[in-house]
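Undergrad: Here is my input; please provide its structure:
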Amino acid sequence: MKLITQRQLIRDLPKRWQRQYAGEKLGGRDKNEILERLKELDPETATKHDVAKIIENYSWTRLICEQCAEDSVCVIVIGGKTPGSKTSSLCLPCIQRAAELAKEGEG
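TA: Numbers count the residues shown, from 1 in each chain. Have a look, this model is predicted:
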C-alpha cells in the first residue's frame, strides 16, 4: 500500500512535467515555459487551482478514487506487488467503508 497526496503531486510536478515533455510544444505553447512557471510555485502552498491556471487543466493534480469516482486530496494505492498485478486507488471514506464491510463479515 502507498499513500499519495495532492501535496506530493504538486511538489513533484516540475520534475514529472520535465520528464514527460522535455523540449516539446503543447498546442503552440512552449512546454519549457510552462515548466518554468511551475517551478515558480511554492510547492508547500500552491493549490491545484494554481497549477491549473498554468497548465490549463487539473489532470496533473487529480486523485480520483476508483470506488466512488470522487476527486480526493489523498488516495491509498493498493496492489501492484507482483508482476502483472493491478492496483486500485481508494479515498479514505471508501477505505473506511471497506473496513466496516470486513468487520461485518467477521461477525
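
Undergrad: could you pull out the strands for the chain?
TA: Under the criterion DSSP state E, strands of the chain are mapped to 2-5, 25-26, 29-30, 74-79, 87-90.

Undergrad: In a markdown table: those strands, plus mean pLDDT.
TA: Output for these, formatted as a markdown table (pLDDT from 0 to 100):
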| stretch | mean pLDDT |
| --- | --- |
| strand 2-5 | 94 |
| strand 25-26 | 64 |
| strand 29-30 | 77 |
| strand 74-79 | 93 |
| strand 87-90 | 94 |
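
Undergrad: Ok, which of those comes nearest I54?
TA: Nearest to I54, of all the strands of the chain, is strand 29-30, at 10.1 Å by C-beta to C-beta. Yep, even glycine has a C-beta here, placed from its N, CA and C like the rest.

Undergrad: picking that back up, redo the strands of the chain as TSV? Include distance to K39 and mean neighbour count.
TA: Shown next, in TSV, are the strands of the chain (distance: least, C-beta to C-beta, whole Å; neighbours: other C-beta atoms under 10 Å):
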stretch	distance to K39	mean neighbour count
strand 2-5	20	12
strand 25-26	16	12
strand 29-30	14	12
strand 74-79	24	17
strand 87-90	27	16
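
Undergrad: For the ones you listed, give me JSON lines that also has distance to L41.
TA: Shown next, in JSON lines, are these (distance: least, C-beta to C-beta, whole Å):
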{"stretch": "strand 2-5", "distance to L41": "16"}
{"stretch": "strand 25-26", "distance to L41": "18"}
{"stretch": "strand 29-30", "distance to L41": "17"}
{"stretch": "strand 74-79", "distance to L41": "19"}
{"stretch": "strand 87-90", "distance to L41": "24"}
